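Q: Please find the sequence and the predicted model below.
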Amino acid sequence: MAEGPDDIVSRRTRGLDRAFEILEFLRTRRQPMRPNEIAVEIGAPRSSIYELVNLLLRHGMLDYQGGDGRVFLGRKLYFLGTAYADQFDLMRESDTLLTRLAEETRETAQMCMLEGNKYTVAMMREGIRPFRISSNVGELVSIPWTASGRLLVSHLSDAEILDFIPPEDFVLPSGKQLDPSRFIGEVRQASIDGYFTFNSEVENFTHCFAAPIKQEDGRCIATLCLVAPKEDGLRNRESYLDSLLRAVDEISERLGFNVSDRANVRQGRSS
């Protein structure tokens, strides 16, 4: 029986979904892999993976790398990314502000976002001090492990937060269980304060600062962060926060958010 128009559209949609799944899988794995390995890892038929890999290779979305038929993200994706960055003001403005923050504080400055139900560092500028953190741009991290996580989910209700974050993500790197109700309380307090700081759950020798980049409706769409050695972060807490809040106010205002309320909070904290 011949396929009807609806069947063809459905098949093509499934193929497109699978192609995006291949690209996302390679992005998170960050290493070249053979098509049969990809098929096993994502639980897909090998025949369809080989077909889609060949299609992505022809369009430059994948390139051969590492020998033995292994493939990885292609150069065409780089050019697509640069075109995206040229048009997306948040990325361009964040790059300027991260450079300024790193110069002002000498600490590592980051712009962080949600990627699905995980946290990721989207951009990073290292400070000039001889101190380097191990977080990588694009690495997916459990939301409750991060200072930014308290801000990035602040637009959700308590029930939506619990539905959004996988239960296993409340297990910290130390193996300790973070009480979800405590996390939600920290989310609400961070929303009131306009920032969140703590000793990192990922790197136990660092202190993290995060403040929200807000769009016109007040929703946090990203954060700017500082990551400092623990002792320096605690000693310079107020000056680091002032630099960070000035930066997020600047970019949020350009996105249409009224920053007057946060400016008043900052003046009250310093007085």
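A: Nice, I can see it.
Q: how near is Pro166 to Pro173?
A: 15 Å (CB to CB, to the nearest Å). Using the backbone N, CA and C atoms, a C-beta is placed for each residue, glycine as well.
Q: What of Cys225?
A: For Cys225 relative to Pro173 (CB to CB), the value is 18 Å.
Q: between these two, who's got more neighbours?
A: Cys225 (29 against 13; other CB atoms under 10 Å).
Q: tell me the secondary structure for the more buried one?
A: With DSSP: H, G, I helix; E, B strand; the rest coil as the basis, Cys225 sits in strand.
Q: Pairing-wise in the sheet, spell out the partners of it.
A: Gln110, Ala210 (DSSP bridges).
Q: Let me see the ranges of the helices in the chain.
A: 5-29, 35-42, 46-58, 75-87, 89-105, 149-152, 158-164, 180-193, 230-235, 237-254, 260-270 (DSSP state H).
Q: Turn those into JSON lines, columns for mean pLDDT, mean neighbour count and distance to Met123.
A: Below are these laid out as JSON lines (pLDDT from 0 to 100; neighbours: other CB atoms under 10 Å; distance: least, CB to CB, whole Å):
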{"stretch": "helix 5-29", "mean pLDDT": "76", "mean neighbour count": "13", "distance to Met123": "16"}
{"stretch": "helix 35-42", "mean pLDDT": "88", "mean neighbour count": "16", "distance to Met123": "28"}
{"stretch": "helix 46-58", "mean pLDDT": "89", "mean neighbour count": "16", "distance to Met123": "26"}
{"stretch": "helix 75-87", "mean pLDDT": "78", "mean neighbour count": "12", "distance to Met123": "10"}
{"stretch": "helix 89-105", "mean pLDDT": "87", "mean neighbour count": "18", "distance to Met123": "6"}
{"stretch": "helix 149-152", "mean pLDDT": "96", "mean neighbour count": "27", "distance to Met123": "15"}
{"stretch": "helix 158-164", "mean pLDDT": "96", "mean neighbour count": "13", "distance to Met123": "24"}
{"stretch": "helix 180-193", "mean pLDDT": "95", "mean neighbour count": "16", "distance to Met123": "21"}
{"stretch": "helix 230-235", "mean pLDDT": "89", "mean neighbour count": "15", "distance to Met123": "20"}
{"stretch": "helix 237-254", "mean pLDDT": "92", "mean neighbour count": "19", "distance to Met123": "12"}
{"stretch": "helix 260-270", "mean pLDDT": "51", "mean neighbour count": "13", "distance to Met123": "22"}
